[in-house]
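Enquirer: next come a sequence and a model predicted from it.
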Amino acid sequence: QVQLVESGGGLVQAGGSLRLSCAASGSIFSINAMGWYRQGPGNQRELVATITSGGNTNYADSVKGRFTISRDNTKNTVYLQMNSLKPEDTVVYYCYCNVRLGILARTYDYWGQGTQVTVSS
């Protein structure tokens, strides 16, 4: 089994910054893509940013230039630096990992428990 533990959410004023972290642990052979998604009440979960094992990144248009995703492969950890936060960024953020459990095993998707980000105007 694989566990993802998120941290770093909270309350911040508009224009402020937060840094989310997500550490993966368990029976991990390797991690392919890692990323962050977010979901508001009544809405579908949407992509925020992803990063491949090689460091290639992809961002939602709404966060480009404000958010930066990074990862530390030695710690199986992915980060999301969020700057210039806006009230519309107020939702729950979920960490995502695509994990290979063994050298010949298929890959599996895992999700964190979610962390609330609230941006006050």
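Expert: Arrived safely.
Enquirer: quick one, phi psi at the residue located most distally from the centre of the chain?
Expert: If you look at how far each residue of the chain sits from its centre, by Cα atoms, centre = their mean, the farthest one is residue 104, at 26.5 Å. Main-chain torsions, residue 104, degrees, to the nearest 10: phi -110, psi 10.
Enquirer: next: residue 63.
Expert: phi -120, psi 0.
Enquirer: count the neighbours of it for me.
Expert: Using other Cβ atoms under 10 Å, residue 63 has 22 neighbouring residues. For glycine as for every other residue, the C-beta is placed from the backbone atoms N, C-alpha and C.
Enquirer: kindly report the same for residue 6.
Expert: 21.
Enquirer: ditto for residue 8
Expert: 16.
Enquirer: list the residues that contact the closest residue to it other than its chain neighbours.
Expert: Leaving aside its sequence neighbours, residue 8 sits nearest to residue 20 (Cβ to Cβ, 6 or more residues apart in numbering; 4.1 Å). With contact set as Cβ atoms under 8 Å, 6 or more residues apart in numbering, residue 20 has these partners: 6, 7, 8, 9, 36, 79, 80, 82, 93, 95, 115, 117.
Enquirer: I'm done for today, thanks for sticking with me.
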